[in-house]
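The sequence and its predicted three-dimensional model are supplied below.
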Amino acid sequence: MKIKDRIALYFTLISTSMLFAVLCTVYFTFMKFLEADFFERLTDRTMVTAKLYLEADEISRDALNTVRHKYLQKLNSEVIRVYDKKNRATFIGDTAQYWAPATIDEVRRKGRLKYTDGQRQVVGIYYKDNQGDFVILASADDQGSHNRLDKLLKIMIFIFILISLIVLLLSRLIARKMLEPLQKFMLEVKQAGSQNMEFRVEENNNKDEINLIAQSFNHLMEELEQAFILQKTFAANASHELRTPVTRMMMTSELALSKERDQAAYQKVIASMLEDAEKMEHIITGLVALAKMDLELINSQLVPIRLDNLLSKIQVEWKTQKNLDLKITYQVSFESKPQILANTVLLQIALDNIISNAFKFSENQEVNIFVEANGNDFLIHITDQGTGISTENQADIFKPFYTRANEHGHNGEGMGLYMAQKIIDLLKGEITVKNIDKGGCTFTVRLAKF
């Protein structure tokens, strides 16, 4: 059974159960009211009979019967008897002795008696008079109340069925309306697949469970997308970067084995193969570092940190460990609470990689960091005193394994700026580069305020 049908069914059962309880309460309350009212009317009949027959001594029996039938409303199937102390019917003839002596004695003993005999109701009173002690019993069938209760029962059954159907239909409509976002979510989820890992379901401003499910699903898709990117990047980088040294080693080996050579030639071949092996080792190290970096990006936890404290720490480490000067200038106040949301370790890796690149290509000259606020963002400008980066190469410097270090006599695997950009992207920031007029270049990192 679908959720909307279960919701409609449960809501209908609860509503109809409450309605049934209310209708039953009304029905039995009304029934008891009618029963009590009829008992009172029967009691009035017995009292009127006592007044007519026992206290009107001067009036004859026939005259009393005439008054009784003419002016007093008779109840349905009414039977009234007056019994003397010997339990004999007086004033009103009763050759069949309508009530048993035990009932008459019980009335005399209790003073008043009310009970139900089938559909008939009976009232008895013990009445003391100057003529003697008498028991008056009256019985009648409250057919009018029975008819009214039957009609009320039929009306209640009709209303119960009608309201139950209305509640069922309305509850189905309400359940369908409530579950429309879930239905939409299910249709959107079906579109997700390995070919479009960037797909995200729509989120709204409601703080209901369906929106929380959508947020959790989007978070899961982000992690899966990172995992897929990690897998594809690792495979692509490995196949691309390892193919060249492996091919060169195979060609060098085949060329060396093609004919007999002297010792110097073999040493040269072995040295060339060793160089290619070392290059492969660097490539594998870079690939492992890249994979580790991607995993850390996926699992990193972002916390509020003070940007000035982190930059001061970096400045001290560069000075104490490598004796390199890092100048930091602020055009923003840091007297408030933490300013950015980041992973401290990863952000330091990103900034260290940019700073390392700046020192490397400026021959370890002083590197300047200028921090300013721009609206809801912080801008970190890292400026070196090197030769700058040509415009055509600026688009490639953030690619994995791209490096110009060999051209300038330096070592490098081309992973530093790639890792820096991956980290800044994780922090929802941006990293750009541009040349400056006096030489060198400036890397600008934009991070959102917290």
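Nice, I can see it. Numbers count the residues shown, from 1 in each chain.

can we go C-alpha only for contacts and neighbour counts from here?
Fine.

name the element residue 277 belongs to?
Here residue 277 sits within helix 263-299, counting by DSSP states H and E.

Mind checking what helix or strand follows that helix in sequence?
Counting by DSSP H and E, the next helix or strand C-terminal to helix 263-299 is strand 303-305.

Show me how far whatever helix or strand residue 161 lives in is from its chain's centre.
Taking DSSP H and E as the criterion, residue 161 maps to helix 143-178. Distance of helix 143-178 from its chain centroid, counting by C-alpha atoms, centre = their mean, to the nearest Å, is 35 Å.

list the helices and strands whichever helix or strand comes after that helix packs on?
Using DSSP H and E, the helix or strand that follows helix 143-178 in sequence is helix 180-189. Identification of packing neighbours for helix 180-189 by 3 or more C-alpha pairs under 8 Å, 6 or more residues apart in numbering; DSSP states H and E yields helix 209-257.

Could you pull up the mean pLDDT of the helix it packs on?
Per-residue pLDDT over helix 209-257 has a mean of 72.

same thing with stretch 22-32?
Per-residue scores along stretch 22-32 average to 89.

and what of stretch 124-142?
82.

could I have that stretch exported to CSV, CA atoms only?
Coordinates of the C-alpha atoms in stretch 124-142 are reproduced here as CSV (Å, rounded to 0.1, in the frame of the first residue of the first chain):
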residue,chain,number,x,y,z
GLY,A,124,-45.1,2.0,41.7
ILE,A,125,-45.7,4.2,44.7
TYR,A,126,-46.8,3.4,48.3
TYR,A,127,-49.6,5.9,49.2
LYS,A,128,-51.0,6.4,52.7
ASP,A,129,-54.5,7.8,53.0
ASN,A,130,-57.2,8.2,55.6
GLN,A,131,-59.0,5.3,53.9
GLY,A,132,-56.0,3.1,54.3
ASP,A,133,-52.6,2.3,52.8
PHE,A,134,-52.6,1.7,49.1
VAL,A,135,-50.1,0.7,46.4
ILE,A,136,-50.5,2.3,43.0
LEU,A,137,-48.8,0.7,40.0
ALA,A,138,-48.7,2.2,36.5
SER,A,139,-47.3,0.6,33.3
ALA,A,140,-47.1,1.8,29.7
ASP,A,141,-45.2,1.3,26.5
ASP,A,142,-43.2,4.3,25.4
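
residues of that stretch that come out buried?
Neighbour-count burial for stretch 124-142 flags 124-127, 134-142 (criterion: 16 or more other C-alpha atoms under 10 Å).

And for stretch 184-195?
Under the neighbour-count rule (16+ other C-alpha under 10 Å), stretch 184-195 has 185, 189 buried.

Least confident secondary structure element in this protein?
For the chain, using mean pLDDT, DSSP states H and E, the weakest element among its helices and strands is helix 61-71, scoring a mean of 55.

Just the buried positions in the helix holding residue 161, please.
145, 149, 152, 156, 160, 163-164, 167-168, 171-172, 175-176.

looking just at contacts, which helices and strands does it meet?
If you count contacts as 3+ C-alpha pairs under 8 Å, 6+ apart, helix 143-178 packs onto helix 3-54.

quick check: angle from the helix it packs on to helix 180-189?
160 degrees (axes from the mean of the first three to the mean of the last three C-alpha atoms, to 10 degrees).

list the helices and strands helix 3-54 packs on?
With contacts taken as 3+ C-alpha pairs under 8 Å, 6+ apart, helix 3-54 sits against helix 61-71, strand 120-129, strand 132-141, helix 143-178.

please redo it, this time with the cut-off set to 6 Å
helix 143-178 (3 or more C-alpha pairs under 6 Å, 6 or more residues apart in numbering; DSSP states H and E).

hmm, who's touching stretch 199-210?
With contact meaning C-alpha atoms under 6 Å, 6 or more residues apart in numbering, stretch 199-210 is reached by residue 218.

So which residue is dead centre in this structure?
Centroid-nearest residue in the chain, with C-alpha atoms, centre = their mean: residue 209, separated by 1.7 Å.

Residue 181 versus that one, what's the distance?
Computed as C-alpha to C-alpha, to the nearest Å, the residue 209 to residue 181 distance reads 10 Å.

returning to what we had before: what's the closest of the buried residues of stretch 124-142 to residue 30?
Using C-alpha to C-alpha, residue 142 is the member of the buried residues of stretch 124-142 that lies nearest residue 30, at 13.9 Å.

picking that back up, which of the buried residues of stretch 124-142 sit farthest apart?
134 and 142 (25.6 Å).

would a markdown table of the buried residues of helix 143-178 with distance to residue 221 and pLDDT be doable?
Formatted as a markdown table, the buried residues of helix 143-178 follow (distance: C-alpha to C-alpha, whole Å; pLDDT from 0 to 100):
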| residue | distance to residue 221 | pLDDT |
| --- | --- | --- |
| 145 | 71 | 80 |
| 149 | 65 | 86 |
| 152 | 61 | 88 |
| 156 | 56 | 90 |
| 160 | 50 | 89 |
| 163 | 46 | 89 |
| 164 | 44 | 88 |
| 167 | 40 | 88 |
| 168 | 38 | 86 |
| 171 | 34 | 86 |
| 172 | 33 | 84 |
| 175 | 29 | 80 |
| 176 | 27 | 80 |
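
Would you convert those residues into JSON lines that also reports distance to residue 118?
Listed next are the buried residues of helix 143-178 as JSON lines, based on distance: C-alpha to C-alpha, whole Å:
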{"residue": "145", "distance to residue 118": "14"}
{"residue": "149", "distance to residue 118": "16"}
{"residue": "152", "distance to residue 118": "21"}
{"residue": "156", "distance to residue 118": "25"}
{"residue": "160", "distance to residue 118": "29"}
{"residue": "163", "distance to residue 118": "34"}
{"residue": "164", "distance to residue 118": "35"}
{"residue": "167", "distance to residue 118": "39"}
{"residue": "168", "distance to residue 118": "40"}
{"residue": "171", "distance to residue 118": "44"}
{"residue": "172", "distance to residue 118": "46"}
{"residue": "175", "distance to residue 118": "50"}
{"residue": "176", "distance to residue 118": "52"}
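
Could you identify the most distant pair in those residues?
145 and 176 (45.6 Å).

Please list all residues in contact with residue 26.
For residue 26, the contact set (C-alpha under 6 Å, 6+ apart) is empty.

just residue 102 next, same as before
No residues are in contact with residue 102 under the rule C-alpha under 6 Å, 6+ apart.

chain center to stretch 171-183, what's the gap?
For stretch 171-183, the distance to the chain centre is 15 Å (C-alpha atoms, centre = their mean).
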